[in-house]
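Participant: Fold the following.
(one chain, ligands or ions: 1)
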Amino acid sequence: MRLDVVTIFPEYLDPLNVSLVGKARARGQLDVRVHDLRTWTYDRHNTVDDTPYGGGPGMVMKTDPWGDALDTVLADGYETGARGPVLVVPTPSGRPFTQELAVELSERPWLVFTPARYEGIDRRVVDEYATRMPVYEVSIGDYVLAGGEAAVLVITEAVARLLPGVLGNAESHRDDSFAPGAMANLLEGPVYTKPPHWRGREIPEVLLSGHHGKIARWRRDEALRRTTANRPDLIERCDPAAFDRKDREM
Ligand SMILES: COc1cccc(Cn2ccc3ccc(-c4cc(N)[nH]n4)cc32)c1
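Facilitator: Down below sits the predicted model:
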């Protein structure tokens, strides 16, 4: 997978050099290229913004730097054999970023991220590139950030961990809270590791029993308890039949 990120804060994407994404890049599983939008400005102040038509607070990011940057990035990608780009535009007014959308994006060969700042990018930029490629306008949550770079980090990590061979235990994302199956839509339950005793606190007996069926049922029940407490909205999405099937397996 190729990822291009165009931003006025390229250093904000430095975390993509470490941990899971950094290792995937080092192994050649991910080709991540970060571009400074100001490369495509030609005035003394490297201007990327201007006042909004219609008035109002803040500034809007100008068309030309984005158009020149995206044309260059896309041309370079095509020249190096990349195909099937999609534009990913972080915005508070986008569709919610979910595990389902992470899976969908992980199946694409080339993501081009356009994290904006100020009050966003002149709408004509998205309209222009929507004529050439799929555009995903994505919100990572119902809160307002100062720009899209943090969202790029979130989306990239959620997508990268789904790529074959990136996660150490190939199966572990299959048990994700939001992955299909009996635990789908359930939050993660509690986890424990050594030492067995810590400040007078013990490990739940069932986890020491070696009885895999009882352990699986306990984990499912704990996940149900936590989901009921913290995300009752997810409970409605659970499939009781999947629980029955899982119970019969345990
Ligand atoms: C566009 O409308 C906006 C309205 C008020 C502020 C801002 C600030 N801002 C600029 C670019 C940008 C990109 C993403 C986000 C963002 C995403 C999520 N989930 N929260 N916040 C916020 C961004 C934009």
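
Participant: Counting neighbours, what do you get for Gln29?
Facilitator: Close neighbours of Gln29, defined as other C-beta atoms under 10 Å, add up to 15. (C-beta placed from N, C-alpha, C; glycine too.)

Participant: so Asp233, which of the three states?
Facilitator: At Asp233 the chain is in helix, as set by DSSP: H, G, I helix; E, B strand; the rest coil.

Participant: neighbouring strands for the longest strand anywhere in the chain, and are they parallel or not?
Facilitator: The single longest strand within the chain, with elements called by DSSP state E, is strand 85-96. Partners of strand 85-96 in the sheet, by DSSP bridges, are strand 110-113 (parallel), strand 135-139 (parallel).

Participant: ranking those by burial, who's on top?
Facilitator: Highest mean neighbour count of the strands paired with strand 85-96: strand 110-113, a mean of 23 (counted as mean count of other C-beta atoms under 10 Å).

Participant: Now do the buried residues in the longest strand of the chain.
Facilitator: 85-91, 94 (16 or more other C-beta atoms under 10 Å).

Participant: and those residues near the ligand, which?
Facilitator: 90-91 (C-beta under 6 Å from any ligand atom).

Participant: Tell me the one among the buried residues of strand 85-96 nearest to Lys62.
Facilitator: Val89 (15.8 Å; C-beta to C-beta).

Participant: How far does the longest helix seen in the chain sit from its chain's centre?
Facilitator: Longest helix of the chain, by residue count under DSSP state H: helix 212-230. Distance of helix 212-230 from the chain centroid (C-alpha atoms, centre = their mean, to the nearest Å) equals 26 Å.

Participant: One more: stretch 138-147?
Facilitator: Per C-alpha atoms, centre = their mean, the centroid offset for stretch 138-147 relative to its chain is 12 Å.

Participant: thought Val48 was touching Thr7?
Facilitator: No - between Val48 and Thr7 there is no contact under C-beta atoms under 8 Å: 10.3 Å.

Participant: Find residues that contact each of these two.
Facilitator: Both Val48 and Thr7 are in contact with Leu37, where contact means C-beta atoms under 8 Å, 6 or more residues apart in numbering.

Participant: centroid residue for the chain?
Facilitator: Centroid check for the chain by C-alpha atoms, centre = their mean gives Ile155 as the closest residue, at 1.8 Å.

Participant: and that one, what does it touch?
Facilitator: Going by C-beta under 8 Å, 6+ apart, the list of residues near Ile155 reads 88, 90, 97, 102, 105, 113, 138, 140.
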